[in-house]
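Participant: what's the 3D shape of this:
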Amino acid sequence: MCQICARSCQPAPGEKGYCGLRKNQAGKINNLAGIPARGLLEYYYDPLPTNCVSDFVCPVKKKDPLYQRKSNLAVFYGACVLNCHFCQNWHYRSLTESLKPLYSASELAGKVDDSTACICFFGGDPAPQVPHAIATVRRALKRKPDLTICWETSGLLRKVFLQKMITYSLLNDGTIKFDLKAFNREIYYALTGADNKAVLDNFRLCAKVGREKNVTLAVASTLLVPGYIEAEEVFAIASFIADQDPNIPYSLLGFHPSFQMQDLPPTSRRQAEACYQAAREVGLKRIKLGNTHLFN
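Facilitator: Residues are numbered from 1 along each chain as shown. Reported below is the predicted structural model:
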């Protein structure tokens, strides 16, 4: 059984796990990537301010509104633990299939330079490669102790790894953005092919730590998929978030036709406004409409 993400895959001999990075070879799980020696990813330097989903609560901006020509080291991991029919970054699959490019944690940490203010791990999802990400963070912080560490994830990972992510994000006001795709278990499964129990449990933990330390740690986002994620479902998600802490930032993102849902229309402005009002109704205080240029 694989011990990395919350799916706990048990691939048959000769087969790969769900993320495509672990293979059962003669009864033993072999890591093809996602470990400190081999991370499957692309990286680039993103000038700040960037288009991060959590930009409206950016800790780097809070420290330095002018950014002083700083950049974000954006780490795009090439694997995922879900199969979202609406995936907006589905091209990560080409990396999973080819299993390249590969960078060790030391190589990636070496990309941190004097202008790097923060690292953001996203993808795909850092969840199936979180051992590589954590090893990178350890090395990067030795090079530059004031680095802000942020994450964008489905949240479908084991608590032991989430706790390490929390530890490193807390050092310099980093955030962990959870993609809360749906609250209703059936809707979540229909859209992603997975159960959301571990996601919600992990969000509770992250929110609890942020609340107790009085910092912005947990951030949430939801993609407004027409016909699936309407005001009623956003109300349920927002209620869940508010039960943890009404100060948790929540971003409602515009959808555009992509991957296996190319027959759907973009999010309408009417849908977005109704969802925004639903989130406000439950008492959330920090709500943002994102990707507004996509609204139809």
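
Participant: Please, where are all the strands along the protein?
Facilitator: Ranges of strands in the chain, per DSSP state E, are 22-25, 28-31, 39-47, 71-77, 102-103, 116-123, 148-153, 176-179, 218-224, 250-254, 287-290.

Participant: Tabulate those strands (a markdown table), appending mean pLDDT and mean neighbour count.
Facilitator: Glycine gets a C-beta too; all of them are placed from N, C-alpha and C. Formatted as a markdown table, these follow (pLDDT from 0 to 100; neighbours: other C-beta atoms under 10 Å):
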| stretch | mean pLDDT | mean neighbour count |
| --- | --- | --- |
| strand 22-25 | 94 | 18 |
| strand 28-31 | 91 | 13 |
| strand 39-47 | 95 | 19 |
| strand 71-77 | 96 | 23 |
| strand 102-103 | 98 | 19 |
| strand 116-123 | 95 | 24 |
| strand 148-153 | 97 | 25 |
| strand 176-179 | 98 | 24 |
| strand 218-224 | 98 | 25 |
| strand 250-254 | 97 | 23 |
| strand 287-290 | 96 | 19 |
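
Participant: Check the burial of Lys111 by counting its neighbours.
Facilitator: 17 (other C-beta atoms under 10 Å).

Participant: One more: the one 4 residues further on?
Facilitator: Burial of Ser115 is recorded as 15 neighbouring residues (other C-beta under 10 Å).

Participant: do you know which of the strands of the chain lies nearest Asn202?
Facilitator: Judged by C-beta to C-beta, the one of those that comes nearest to Asn202 is strand 176-179, at 7.4 Å.

Participant: List the contacts of the closest one.
Facilitator: 53-54, 150-155, 162, 165-166, 169, 199, 202-203, 206, 217-223 (C-beta atoms under 8 Å, 6 or more residues apart in numbering).

Participant: try it again with 6 Å
Facilitator: 53-54, 151-152, 154-155, 169, 203, 206, 219-221 (C-beta atoms under 6 Å, 6 or more residues apart in numbering).

Participant: Specify which member of the residues you listed is nearest to Pro13.
Facilitator: Looking across the contacts of strand 176-179 and measuring by C-beta to C-beta, the closest to Pro13 is Ser154, at 28.0 Å.

Participant: thinking the closest one is in contact with Gly123, fair?
Facilitator: No. In this structure, Ser154 is not within contact of Gly123 by C-beta atoms under 6 Å, at 9.6 Å.

Participant: Need the contact partners of stretch 234-253.
Facilitator: 53, 57, 180, 183, 207, 211, 218-224, 275, 278-279, 282-291.

Participant: So which residues of the chain form helices?
Facilitator: Here the chain has its helices, by DSSP state H, at 59-63, 92-98, 105-109, 130-143, 159-171, 185-192, 197-213, 231-244, 269-281.

Participant: okay if I get these as JSON lines plus distance to Leu252 and mean pLDDT?
Facilitator: What follows is those, written out as JSON lines (distance: least, C-beta to C-beta, whole Å; pLDDT from 0 to 100):
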{"stretch": "helix 59-63", "distance to Leu252": "20", "mean pLDDT": "76"}
{"stretch": "helix 92-98", "distance to Leu252": "23", "mean pLDDT": "96"}
{"stretch": "helix 105-109", "distance to Leu252": "32", "mean pLDDT": "98"}
{"stretch": "helix 130-143", "distance to Leu252": "27", "mean pLDDT": "98"}
{"stretch": "helix 159-171", "distance to Leu252": "23", "mean pLDDT": "97"}
{"stretch": "helix 185-192", "distance to Leu252": "16", "mean pLDDT": "97"}
{"stretch": "helix 197-213", "distance to Leu252": "16", "mean pLDDT": "98"}
{"stretch": "helix 231-244", "distance to Leu252": "7", "mean pLDDT": "98"}
{"stretch": "helix 269-281", "distance to Leu252": "5", "mean pLDDT": "97"}
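
Participant: Great, nothing more from me.
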